[in-house]
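Student: coordinates only, sequence not included:
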């Protein structure tokens, strides 16, 4: 069976402006891979991330290089050796899962040996801004049960205080995106515990987080930029309580499933997250979401328009993908 790969860049506008500690954007550029066997087509999406040295051009080039291996019969497991973890492998890996589902008439969850997925509750992200503006954004989203707050270091306690007062009933999780210093961790965590925050994501830079093993955790800490694949488990243990799995970091669903099992075996909790992508990027992650303490698959909710067909979002509830979308 000969596999042919097609790859394209697509741009989707963001609803307003999306800000984190490292910058802001008004659109997201995604790379879509489609794999053909002559009769069936599978598709997958990735979001190149500059923080990891990726561009749409570099990711497209990696996918094109993989085309020759696939044409010679390489499969998903072969790709784990042929390609490094990252966005490019994610797009191809998820496209191959989708193709196999269409070839066999089975759903991707069946192929993975998993139980049928069910509706999950996702966080809704409030992008970084001044405390007063974030308070107003929280008021508009106060009917959502779980809010994820982007932080940056300075004025973070004021930001969360404003959000808590405007969304008193919501569960709160925060994401510093490596924006704190070691001296901030304990006092900020203690204050955030008083404000009812349930989790703190990646407080320190990934190359400077060893100190987290020596600091009390008044609020559970979650690894994001520090956690890419199963190979990271040993250094995460003791530093973090929860690990955020993103398919663009693991390089696809194949490694993400292995990473999930390793995290659970290490007695840490699982979070599943996303880059700023469309429903096609979220769909495979729904299989990881089934075992997650926290689900953050709100990418399409932050876009001005999603691809069609997309996932079905009802307020904070996400239904599993249809066969028309993926898997």
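Tutor: Received the coordinates, thanks. These numbers come from a predicted model, not from an experiment.
Student: At which residues are the strands of the stretch 151-300 of the chain located?
Tutor: 171-175, 197-201, 221-223, 242-245, 269-272, 294-295 (DSSP state E, counting those that start in this stretch).
Student: Switch those strands over to CSV; also include mean neighbour count, mean pLDDT and distance to residue 319.
Tutor: C-beta: built from backbone N, CA, C; applies to glycine. Formatted as CSV, the strands of the stretch 151-300 of the chain follow (neighbours: other C-beta atoms under 10 Å; pLDDT from 0 to 100; distance: least, C-beta to C-beta, whole Å):
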stretch, mean neighbour count, mean pLDDT, distance to residue 319
strand 171-175, 24, 98, 21
strand 197-201, 23, 98, 24
strand 221-223, 24, 98, 25
strand 242-245, 25, 98, 20
strand 269-272, 23, 98, 16
strand 294-295, 24, 98, 13
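Student: Longest strand in this protein, please.
Tutor: Criterion DSSP state E: the longest strand present in the chain is strand 4-20.
Student: who does it touch, helix- and strand-wise?
Tutor: strand 23-36, helix 56-71, helix 87-104 (3 or more C-beta pairs under 8 Å, 6 or more residues apart in numbering; DSSP states H and E).
Student: hey, which of those is tucked in deepest?
Tutor: Looking across the helices and strands packed on strand 4-20 with neighbours counted as mean count of other C-beta atoms under 10 Å, the highest average goes to helix 87-104: a mean of 25.
Student: Which residue is the nearest non-sequential neighbour of residue 182?
Tutor: residue 211 (4.9 Å; C-beta to C-beta, 6 or more residues apart in numbering).
Student: check contacts around the one you found.
Tutor: Shown in contact with residue 211 (C-beta atoms under 8 Å, 6 or more residues apart in numbering): 182, 185, 204.
Student: wait, residue 252 sits on residue 93?
Tutor: Yes: with contacts defined as C-beta atoms under 8 Å, residue 252 counts as touching residue 93 at a distance of 2.6 Å.
Student: What separation do you get for the closest residue to residue 82 other than its chain neighbours and residue 75?
Tutor: With C-beta to C-beta, 6+ apart as the criterion, residue 82 has its nearest non-adjacent residue at 5.3 Å, and that residue is residue 69. Computed as C-beta to C-beta, to the nearest Å, the residue 69 to residue 75 distance reads 10 Å.
Student: and if you look at residue 186?
Tutor: 47 Å.
Student: can you check residue 182 too?
Tutor: Residue 182 sits at a distance of 44 Å from residue 75 (criterion: C-beta to C-beta).
Student: who's more crowded, those two?
Tutor: residue 182 (16 against 13; other C-beta atoms under 10 Å).
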